[in-house]
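Visitor: fold the following, please.
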Amino acid sequence: MDGTAMAAAVTHERAPRVESLARGQFPGLSGRTYLDTATIGLAPYSVGDAVNRLVEQVVTCPADSGTLHHQALGSMRDETRTTVARLVGARSEDIALTESSTHGLGVAAQAVPLAPGDRVLTTDLEFVQMGVVMAQLARTGVRVDVVGHEKGIVTLDAIRRQFTPDTRLVAISSVQWTTGFRIDLADLGQLCRDHGVWLLVDGAQHVGVMPMDVRETPVDILVSSGHKWLNSPFGMGFMYLAPGIRERLAMPMPGFFAAKPPLETWGQSFTRPETVPNMDFHFTRDGRAWEIGGTPNFPGAVALAAAAQLATRIGIGDIAAHSLALGDRLIEGLDRQGLEVVSPRDHGARSGIVTFHTGSAESDVATMEHLLASGIGVSVRYTSGIGGIRVSCHYFNDTEDIDALLDTLKT
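Guide: Now for the predicted structure:
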């Protein structure tokens, strides 16, 4: 079953299981209704515990030397690649740990082989960082073509119509940040394959709440943050680089941890008098070659691993079903109140985001402020003329959260 089919298989019977596993894990829910994960997620207890264990290790330094201490921390971070790889059906060697999706998009845009005159296709619904990346590419002589949305939706036909013989890359969010529209990645990936076009996907609003399996969905590069639907609080995300493309990708200016040490480890190599700085470096072609390659963000890594482990234990299929069911309840309530639902209603095109409109951007902001004052966390988001009050339905939310929002809208 592919990701879209899994997400569409919604049963309300799953909700008690998801809530029993998740609700009590999030102290940030105490005394409030938090429906703003699309902005930043809440960290569960398990993340705090993992970071505390790391801090204890850093403070006490149980290893016999700094070298062994550093190696132990590095091994802990290596496990994070394995953990996040499981979320998307990848292998650990396909994963690079990044600071964020912003960082990943920048690295990816520089890695794909593009030349002046090549064309890149994106949409007018993207998060602003995608626009920053496109502007940088345009300065190198790359042509940027923008597909316009139709009431918050970008169709495959609209993308197909903009393909030209010079189109080399499609850069798109799998879930759009304002409306929550979720594109059919399987069909888009096949379209790109049929035309010999690279596919770069921003999964920041997708990974952690909707299923994705890169074994079934042809994606060349996927980037994701950790601080949204994965509920990891520190600057850490990841990038998936398909194994068949890495030989054709340009590598960033790497640090020495991306190079193969002369001996088994760099620690061992540093004990040898013949080690010199100006050696003949041989770099790995695993995903980690696209990391910074220096001393990394260890707290971010252990936090991301712990958060991803919780999501995996609950099950992304169950998380998606639960989130979509909450979205159904919200949409039904908004319909009863005569409010305009901006997000798609079809499960195959929806995500954990439900956006609604109260008549104007000004009234949306006023309504948001009313909700915030009532202890209900939401956001207002617009891009290219579409948007409204954005509500995030995640696995730690329940029907009482949705009902509290709907009741507050009446007052």
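Visitor: number of nearby residues for the closest residue to residue 98 other than its chain neighbours?
Guide: Nearest residue to residue 98, sequence neighbours excluded (Cβ to Cβ, 6 or more residues apart in numbering): residue 104, at 4.3 Å. (C-beta placed from N, C-alpha, C; glycine too.) Other residues within reach of residue 104, judged by other Cβ atoms under 10 Å, total 29.
Visitor: below-threshold pLDDT in the stretch 51-200 of the chain: ranges please.
Guide: Applying pLDDT under 70 to the stretch 51-200 of the chain picks out no residues at all.
Visitor: what are the boundaries of the helices in it?
Guide: For the stretch 51-200 of the chain, helices defined by DSSP state H, counting those that start in this stretch occupy the ranges 66-87, 101-111, 128-138, 156-162, 185-194.
Visitor: now those helices in CSV, with distance to residue 210?
Guide: Compiled in CSV, those are given as follows (distance: least, Cβ to Cβ, whole Å):
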stretch, distance to residue 210
helix 66-87, 11
helix 101-111, 15
helix 128-138, 19
helix 156-162, 18
helix 185-194, 10
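Visitor: show me where the stretch 201-350 of the chain has its strands.
Guide: Secondary structure of the stretch 201-350 of the chain by DSSP state E, counting those that start in this stretch: the strands cover 221-225, 237-241, 340-341.
Visitor: which strands and helices lie in contact with the shortest one?
Guide: Which is strand 340-341. Applying 3 or more Cβ pairs under 8 Å, 6 or more residues apart in numbering; DSSP states H and E, we find strand 340-341 packed against helix 316-336, strand 353-357.
Visitor: so who does residue 88 touch?
Guide: Contact analysis of residue 88 by Cβ atoms under 8 Å, 6 or more residues apart in numbering lists 203, 207, 212, 213, 214, 222, 240.
Visitor: try it again at 6 Å.
Guide: Residue 88 makes contacts with 212, 214, 240, as judged by Cβ atoms under 6 Å, 6 or more residues apart in numbering.
Visitor: please apply the same query to residue 137.
Guide: 109, 120.
Visitor: how far away is it from residue 168?
Guide: Distance from residue 137 to residue 168, counting by Cβ to Cβ, to the nearest Å: 10 Å.
Visitor: residue 230 now?
Guide: For residue 230, the distance to residue 168 - Cβ to Cβ - is 30 Å.
Visitor: between those two, which has more neighbouring residues?
Guide: Taking other Cβ under 10 Å, residue 230 and residue 168 do not tie; residue 230 has more neighbours (26 against 20).
Visitor: give me the pLDDT value at the more buried one.
Guide: Note for residue 230: predicted pLDDT of 97.
Visitor: grab the nearest non-local neighbour of it.
Guide: Distances taken as Cβ to Cβ, 6+ apart place residue 208 nearest to residue 230, at 4.0 Å, with adjacent residues excluded.
Visitor: give the contact list for the one you found.
Guide: 229, 230, 311.
Visitor: same thing with residue 376?
Guide: 33, 405, 408.
Visitor: residue 149: which of those residues is nearest?
Guide: The shortest approach to residue 149 among the contacts of residue 376 belongs to residue 405, at 25.9 Å (Cβ to Cβ).
Visitor: which SSE is the closest one in?
Guide: helix 399-410 (DSSP states H and E).
Visitor: how near is residue 340 to residue 388?
Guide: 7 Å.
Visitor: of those two, who's got more company?
Guide: residue 388 (28 against 12).
Visitor: confirm the more buried one sits in a strand?
Guide: Yes. Assessed by DSSP: H, G, I helix; E, B strand; the rest coil, residue 388 belongs to a strand.
Visitor: what's near enough to touch residue 167?
Guide: Counted by Cβ under 6 Å, 6+ apart, residue 167 has contacts 119, 121, 197.
Visitor: about what we covered before: ok, and for the helix holding residue 405, which residues are buried?
Guide: 401, 402, 404, 405, 406, 408, 409 (16 or more other Cβ atoms under 10 Å).
Visitor: what of stretch 248-256?
Guide: Buried residues in stretch 248-256, counting neighbours by 16+ other Cβ under 10 Å, are found at 249, 251, 252, 254.
Visitor: count of neighbours near the residue lying closest to residue 167 once chain neighbours are set aside?
Guide: Leaving aside its chain neighbours, residue 167 sits nearest to residue 119 (4.7 Å; criterion: Cβ to Cβ, 6+ apart). Burial of residue 119 is recorded as 18 neighbouring residues (other Cβ under 10 Å).
Visitor: what of residue 234?
Guide: Number of residues near residue 234 (other Cβ under 10 Å) recorded here: 19.
Visitor: so it touches residue 301, yeah?
Guide: No. Assessed by Cβ atoms under 6 Å, residue 234 is found out of contact with residue 301, at 8.5 Å.
Visitor: how much space between the residue nearest to residue 230 and residue 142?
Guide: Applying Cβ to Cβ, the value for residue 208 to residue 142 is 31 Å.
Visitor: point out where the stretch 251-400 of the chain drops to low pLDDT.
Guide: Short version for the stretch 251-400 of the chain, where the test is pLDDT under 70: none.
Visitor: give me the contacts around stretch 210-225.
Guide: Contact partners of stretch 210-225, identified using Cβ under 6 Å, 6+ apart, comprise 2-3, 6-7, 88-90, 100-101, 104-105, 108, 185-186, 189, 193, 198-204, 207, 237-242, 245, 316-317, 320, 351.
Visitor: pull the distance from that stretch to the chain's centre.
Guide: Distance of stretch 210-225 from its chain centroid, counting by Cα atoms, centre = their mean, to the nearest Å, is 10 Å.
Visitor: ditto for stretch 254-265
Guide: On the basis of Cα atoms, centre = their mean, stretch 254-265 sits 29 Å off its chain's mean C-alpha point.
Visitor: for that stretch, how far is the first residue from the last?
Guide: Chord length of stretch 254-265, first to last residue, is 17 Å (Cα to Cα, to the nearest Å).
Visitor: repeat that for stretch 222-237.
Guide: First-to-last distance for stretch 222-237 - Cα to Cα - comes to 11 Å.
Visitor: domains of the chain?
Guide: 3-42+316-410, 51-311 (automatic domain parsing).
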